[in-house]
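1. here you go, sequence then predicted model.
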Amino acid sequence: MHRVEPSHTPTRRCLASGASLPQRELVRFIVGPDSQIVPDIAGKLPGRGLWVTARRKDVEMACDQNLFSRAARAQVIVPDDLCDLVGKLLRRNCLGLIGLSRKAGELITGFEKVKSCLGAGQAAVLICAADAGSDGREKLFRFAKDLPKIQAFSSAELSVALGRENVVHIALKDGGLAHRLVKEARRLESFEYEYETAGVSGDGQAQN
């Protein structure tokens, strides 16, 4: 479904496809002091940004066709594992936001507590571990209705992010962190799966 972007939404041109897209749908790279290409997932590192759509095939194209050097107008070094590094950093970014949500008191864990939060209309995002039991997940999905649902992370990943054991179900309350997580999870899913699996589903912000 096509989304109409607000006029103030910043856009950048993808090195691989040539398309101008909302900045949140791309990954920024910079040339480091050693002339090596560095992923800038948060978009805050100094230097001129080189932008590629958050899809593995586009990053691979930029690497294979020497597009980073052309855009930088200088010979640069592209790490052999750049695509894998981007994927890892996107995952780490999302898990970091989940951890921040816990510190901000905006996160609830545990099946019954999450179900109560959903039933009371207090949740903005539902997270279920990728290896969660289908019965529990489907029950929570019924309570979540049209809320964004994220299933991109294993229970082990979620447990490490929160410093707890056996984390399977999470609800995030409405707030800036929840909205940021949906956008970042969407970017991760675009990169890792190109929407072939339902890692993020729900409102219009989380789907094509």
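-> Cool, the structure landed. Only a predicted model underlies this, so the values are computations on that prediction, with no experimental measurement involved.

2. so which helix or strand takes in residue 63?
-> Element membership of residue 63, judged by DSSP states H and E, is helix 56-64.

3. gap between stretch 71-79 and the chain center?
-> In terms of Cα atoms, centre = their mean, to the nearest Å, the centre of stretch 71-79 is found 26 Å from the chain centre.

4. for that stretch, which positions count as buried?
-> By neighbour count, and taking 16 or more other Cβ atoms under 10 Å as the criterion, the buried residues in stretch 71-79 are 71, 72, 76, 78. Every residue, glycine included, has its C-beta placed from N, CA and C.

5. quick check: the last one vs residue 157, distance?
-> Read that as residue 78. Distance, residue 78 to residue 157, by Cβ to Cβ, to the nearest Å: 28 Å.

6. what pLDDT does the model give the closest residue to residue 155 other than its chain neighbours?
-> Nearest residue to residue 155, sequence neighbours excluded (Cβ to Cβ, 6 or more residues apart in numbering): residue 129, at 4.0 Å. The model reports residue 129 with a pLDDT of 97.

7. ranges for the helices of this structure?
-> Secondary structure of the chain by DSSP state H: the helices cover 56-64, 67-72, 82-103, 111-119, 134-144, 155-162, 176-192.

8. tell me the helices and strands packed up against the shortest one.
-> Spelled out, it's helix 67-72. Judged by 3 or more Cβ pairs under 8 Å, 6 or more residues apart in numbering; DSSP states H and E, the packing partners of helix 67-72 are strand 26-31, strand 50-53.

9. dump those to a markdown table, plus mean neighbour count.
-> Converted to a markdown table, these look like this (neighbours: other Cβ atoms under 10 Å):
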| stretch | mean neighbour count |
| --- | --- |
| strand 26-31 | 23 |
| strand 50-53 | 25 |
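
10. what about these, which gets the closest to residue 173?
-> Judged by Cβ to Cβ, the one of the helices and strands packed on helix 67-72 that comes nearest to residue 173 is strand 26-31, at 28.4 Å.

11. for that closest one, name the packing helices and strands.
-> By 3+ Cβ pairs under 8 Å, 6+ apart, strand 26-31 packs against strand 37-40, strand 50-53, helix 67-72.

12. and of these, who's closest to residue 165?
-> Proximity to residue 165 (Cβ to Cβ) singles out strand 37-40 among the helices and strands packed on strand 26-31, at 31.2 Å.
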